[in-house]
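Novice: predicted model, plus sequence, below.
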Amino acid sequence: MSKLAPPWLKPAVDYGPLVAFFAAYWLGDLYIATAAIMAATGVAVLLSYGIERRVPTMPVVTAVIVMVFGGLTLWLNDERYIKMKPTLVQALFAVVLFGGLLMRKPLLKPLMESAWRLTDRGWTILTMRFAIFFAVMAVLNELVWRTTSTDFWVNFKIFGILALTFVFTAFQVPLITRHQVVQSEQDKQPDG
């Protein structure tokens, strides 16, 4: 999100579709929730474009996957497709991050450097850790949706994945602190 975007835009785009999915599931069923997440994702992408005149890559990729797997779920009347969607998203993130590392490009850096200034080594380690995390989360989603009830999976998708992501990120703070680039006082002075 750009610096001119209102502060509510990123949370609305990132979490609005999840809130719609969860509310629709508990008011209806998984098929209604699937339609709700598809609609909310479309609105989120349009809202982002309408305000910023651009849509970040990750929401676009997620929107395409939601539309394809949500569409298959509704068209084939088969809930397996929407349950596989988090697996595909997490696996795709893992593959992209691992691929970047193979090309010696820690792809988290362009995504997160506005939040953290790290050494190249720090970005490489952080990217590797996130790639492994996303791969583990893809496997975990597969295990959960294939071995538990739909109610349990929905709660895992909304609360479990989010909580695990926050906890994992919190555990990265020592690495981030250790590899942070400290800006010198001279660098902080405005030119002129």
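Specialist: Arrived safely, thanks for sending.
Novice: run through the chain and note the low-pLDDT ranges.
Specialist: Scanning the chain for pLDDT under 70 picks out 1-3, 184-192.
Novice: and if we set it to 90?
Specialist: Along the chain, the parts satisfying pLDDT under 90 run over 1-14, 48, 52-62, 111-116, 182-192.
Novice: center of it, which residue is that?
Specialist: The centre of the chain sits closest to Met58, judged by C-alpha atoms, centre = their mean, with a distance of 7.1 Å.
Novice: just give the closest residue to it, not the sequence neighbours.
Specialist: Nearest residue to Met58, sequence neighbours excluded (C-beta to C-beta, 6 or more residues apart in numbering): Leu111, at 7.7 Å. (C-beta placed from N, C-alpha, C; glycine too.)
Novice: cool, and Val61?
Specialist: Looking at Val61 with C-beta to C-beta, 6+ apart, the closest residue is Leu92, at 7.0 Å.
Novice: now for the one you found, how many residues are close by?
Specialist: Counted by other C-beta atoms under 10 Å, the residues lying close to Leu92 total 15.
Novice: distance from the longest helix seen in the chain to the middle of the chain?
Specialist: If you go by DSSP state H, the chain has its longest helix at helix 120-147. Computed by C-alpha atoms, centre = their mean, to the nearest Å, the chain-centroid distance of helix 120-147 equals 12 Å.
Novice: still on that earlier bit, after the helix or strand where the residue nearest to the centre of the chain lies comes which helix or strand?
Specialist: Per DSSP states H and E, Met58 falls inside helix 57-76. Next in sequence after helix 57-76, counting helices and strands by DSSP H and E, comes helix 80-102.
Novice: elements contacting that following helix?
Specialist: Contacts defined by 3 or more C-beta pairs under 8 Å, 6 or more residues apart in numbering; DSSP states H and E place helix 80-102 against helix 30-52, helix 57-76, helix 120-147.
Novice: what's the neighbour count on the closest residue in space to Tyr31 that isn't next to it in sequence?
Specialist: Take Tyr31 and drop its neighbours on the chain: the residue closest to it by C-beta to C-beta, 6+ apart is Leu74, 6.3 Å away. Leu74 has 17 neighbours, counted by other C-beta under 10 Å.
Novice: how close does Leu74 sit to Ala33?
Specialist: As judged by C-beta to C-beta, to the nearest Å, Leu74 and Ala33 stand 11 Å apart.
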